[in-house]
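>>> Could you work out the structure for the sequence below:
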Amino acid sequence: MSVRRMLVGAGLAGALVAPAAACDLEELNAHLAAVCLAAVEETEQVALARSGEASAAEQAAIARALRRVRELCAGADPIAGAREAARLARLVGRIEGRAGITIPIWPKEEAKR
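Reported below is the predicted structural model:
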């Protein structure tokens, strides 16, 4: 391998790594936390609205999941928080399905049809 090729390869690698090193880690974590919390906002509203259809065990599970999502999102693991938010959405979906509630998931897109 020629020296020129090695220098070009090193330059390209440096150009790819430099922007990643320039990111502010605290700012990145704040954005991840915001995305994580946004994943649960609507689910939380629907869960609270459907609490009448949920059993006592499901209501307790929803409360635990909401606490856990907030802890994970604000803490060190927003990815786990987003996973927990998805699990919570599935539970709320089961409650709605059992109650026979069929609300469109994407109302704006449904209205366009």
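>>> Chain neighbours aside, what residue packs nearest to Leu88?
Among residues not flanking Leu88 along the chain, Ala65 sits closest, at 4.3 Å (C-beta to C-beta, 6 or more residues apart in numbering). C-betas here are computed from N, CA, C, even on glycine.
>>> for Ala89, same thing?
Spatial nearest neighbour of Ala89, chain neighbours left out: Thr43 (4.6 Å); criterion: C-beta to C-beta, 6+ apart.
>>> With Arg70 instead?
The shortest distance from Arg70 to any non-neighbouring residue, by C-beta to C-beta, 6+ apart, is to Leu37 (7.3 Å).
>>> Can you report how many residues lie near the one you found?
19 (other C-beta atoms under 10 Å).
>>> Ok, Ser55 next?
Neighbours of Ser55 under the rule other C-beta under 10 Å: 10.
>>> do Leu25 as well
Neighbourhood size, Leu25 [other C-beta under 10 Å]: 7.
>>> where does it land on pLDDT?
Looking at Leu25, its pLDDT stands at 84.
>>> where in the protein is pLDDT low?
Within the chain, the stretches with pLDDT under 70 are 1-22.
>>> what's the helix or strand for the spatially most central residue of it?
By C-alpha atoms, centre = their mean, the mean C-alpha position of the chain lies nearest to Ala82, the distance being 3.3 Å. If you go by DSSP states H and E, Ala82 is part of helix 78-99.
>>> Contacts for the longest helix belonging to the chain, please.
For the chain, the helix reaching the highest residue count under DSSP state H is reported as helix 25-49. Helix 25-49 has contacts (C-beta atoms under 8 Å, 6 or more residues apart in numbering) with 54, 62, 66, 69-70, 72-74, 78-79, 81-82, 85-86, 88-89, 91-92, 96.
>>> one more time with 10 Å
For helix 25-49, contacts defined as C-beta atoms under 10 Å, 6 or more residues apart in numbering pick out 24, 54, 58-59, 61-63, 65-66, 69-70, 72-93, 95-96, 101, 103.
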